[in-house]
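J.: quick check, what structure comes out for this input:
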Amino acid sequence: MSTSEVILEEQGLRDGLQTLPMVIPTEKKLEWIARLVDAGVRRIQVASFVHPRLVPQMADAEAIFQQLDRRNGVVYSALVLNQKGVERAIAVGVQHLAISVSASDTHSQKNTRMTLEEAKADFRHNVRLARAHGISVRAGIQCAFGCRYEGRIPAQRVFDLIKHHLDAGADEIALADSTGMAHPVQVRELVAEALILCGATPLALHLHNTENKGLANLFAAYEVGVRQFDTAFGGLGGCPFIPGATGNIATEDTIHFFRQMGVETGIDLEKVAAISREVESMTNAHLSGALYKLPALLSAS
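T.: Numbering: from 1, shown residues only. As a prediction, this is how the structure comes out:
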């Protein structure tokens with residue numbers, strides 16, 4: 001398989017599975033992680049260290065990392081929301097954490113019970129703690145392109161948060177269209193400026209497909225220079241604190257989209273699609289992705 005030209009971070013194990021009412025056994029999650037690695041995925045967000053009462057699907061985060069068959073060249077990350085989450089991640093040897101702040105004050109309070117200013121201070125503390133233990137940090141900005149509660153998010157607020165995150169010591173920056181409200185012109189303009197601010201620091205996009213514009217927004221970002229994107233098998237995902245939230249852009253659809261343009265991801269589409277079909281069969285969940293449902297097309301693509 002040729003060297004990848006774009007990096008896809010698989011979010012299905014965390015952002016995807018957390019939305020399902022059925023709790024998936026730890027052994028099955030570990031199997032899917034191994035199969036994703038075998039498919040060529042090199043970045044996987046495998047869990048979040050959050051309160052198990054609020055997100056029962058993530059109650060086995062410690063067990064996942066303790067039993068993980070870690071492969072060289074693969075980044076296994078986790079999401080944390082607070083100091084307790086960072087401490088739990090440190091205890092089981094997590095080496096890469098995603099720590100986010102919402103650009104929406106209302107969403108921040110619903111998601112973390114902190115105002116934006118409180119969340120920024122907490123973020124700095126958590127980044128210092130993680131880095132003191134040799135953990136790299138991908139700093140996220142949620143609702144960067146719009147909020148269902150507040151509407152339009154001023155671009156300057158996003159730029160200020162990028163500067164804040166870089167000053168705090170972030171190793172990477174990720175802009176999240178958490179609500180799926182973004183459109184390609186907005187993405188192109190905001191991301192072009194964000195890339196300048198980031199300089200040599202990698203910039204990733206986390207796109208949701210709520211309004212069916214996910215791949216259009218991905219292409220707009222790709223055109224201005226982004227080469228790292230979050231996806232989820234089958235298009236699973238969504239935030240429980242955002243009204244009407246739906247899944248991420250589907251990993252399979254993104255692989256196919258890039259392949260048609262001659263851009264290599266290094267990932268075997270059919271191997272990922274097989275996981276999506278299994279998830280659908282096990283859980284009776286409605287997956288929004290398209291390509292995993294079309295095995296004849298997959299074999300011919």
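J.: in the stretch 51-200 of the chain, what residue spans correspond to strands?
T.: 75-80, 96-102, 136-142, 172-177 (DSSP state E, counting those that start in this stretch).
J.: need these in a markdown table with mean pLDDT, mean neighbour count and distance to residue 18, can you?
T.: For the C-beta atoms, the positions are set from N, CA and C on the backbone; glycine is no exception. Shown next, in a markdown table, are those (pLDDT from 0 to 100; neighbours: other Cβ atoms under 10 Å; distance: least, Cβ to Cβ, whole Å):
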| stretch | mean pLDDT | mean neighbour count | distance to residue 18 |
| --- | --- | --- | --- |
| strand 75-80 | 98 | 24 | 9 |
| strand 96-102 | 97 | 25 | 13 |
| strand 136-142 | 98 | 24 | 15 |
| strand 172-177 | 97 | 24 | 15 |
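J.: now the ones you listed in CSV, with distance to residue 158?
T.: Rendered in CSV, the data for the strands of the stretch 51-200 of the chain read as follows (distance: least, Cβ to Cβ, whole Å):
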stretch, distance to residue 158
strand 75-80, 20
strand 96-102, 11
strand 136-142, 6
strand 172-177, 7
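J.: keeping just the C-alphas, turn stretch 6-18 into CSV.
T.: Extracted C-alpha coordinates of stretch 6-18, given in CSV (Å, rounded to 0.1, in the frame of the first residue of the first chain):
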residue,chain,number,x,y,z
VAL,A,6,-3.7,12.5,4.2
ILE,A,7,-4.1,11.2,7.8
LEU,A,8,-7.5,10.0,9.0
GLU,A,9,-7.9,9.6,12.8
GLU,A,10,-10.5,7.0,13.5
GLN,A,11,-13.0,8.2,16.1
GLY,A,12,-15.6,5.4,15.9
LEU,A,13,-14.4,3.7,19.1
ARG,A,14,-15.0,6.9,21.1
ASP,A,15,-17.1,9.5,19.5
GLY,A,16,-19.0,6.8,17.6
LEU,A,17,-19.7,4.1,20.3
GLN,A,18,-20.5,6.6,23.0
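J.: distance between stretch 77-95 and the chain's centre?
T.: 16 Å (Cα atoms, centre = their mean, to the nearest Å).
J.: quick revisit: mind checking which of the strands of the stretch 51-200 of the chain is nearest residue 272?
T.: strand 75-80 (16.9 Å; Cβ to Cβ).
J.: quick one, what contacts the residue lying closest to residue 158 once chain neighbours are set aside?
T.: Closest residue in space to residue 158, ignoring its immediate chain neighbours: residue 144 at 5.0 Å, by Cβ to Cβ, 6 or more residues apart in numbering. Going by Cβ atoms under 8 Å, 6 or more residues apart in numbering, residue 144 touches 103, 153, 158, 175-178, 190.
J.: gap between residue 144 and residue 291?
T.: According to Cβ to Cβ, to the nearest Å, residue 144 stands 27 Å off from residue 291.
J.: equivalent analysis for residue 233, please.
T.: Residue 233 is 11 Å from residue 291, by Cβ to Cβ.
J.: with neighbour numbers in mind, choose between the two.
T.: residue 233 (33 against 24; other Cβ atoms under 10 Å).
J.: pull the contacting residues for the residue nearest to the more buried one when sequence neighbours are not counted.
T.: Excluding the flanking residues, the one nearest residue 233 by Cβ to Cβ, 6+ apart is residue 12, at 4.0 Å. Residues near residue 12 by Cβ under 8 Å, 6+ apart: 32, 231-234, 236-237, 248, 251, 275, 279.
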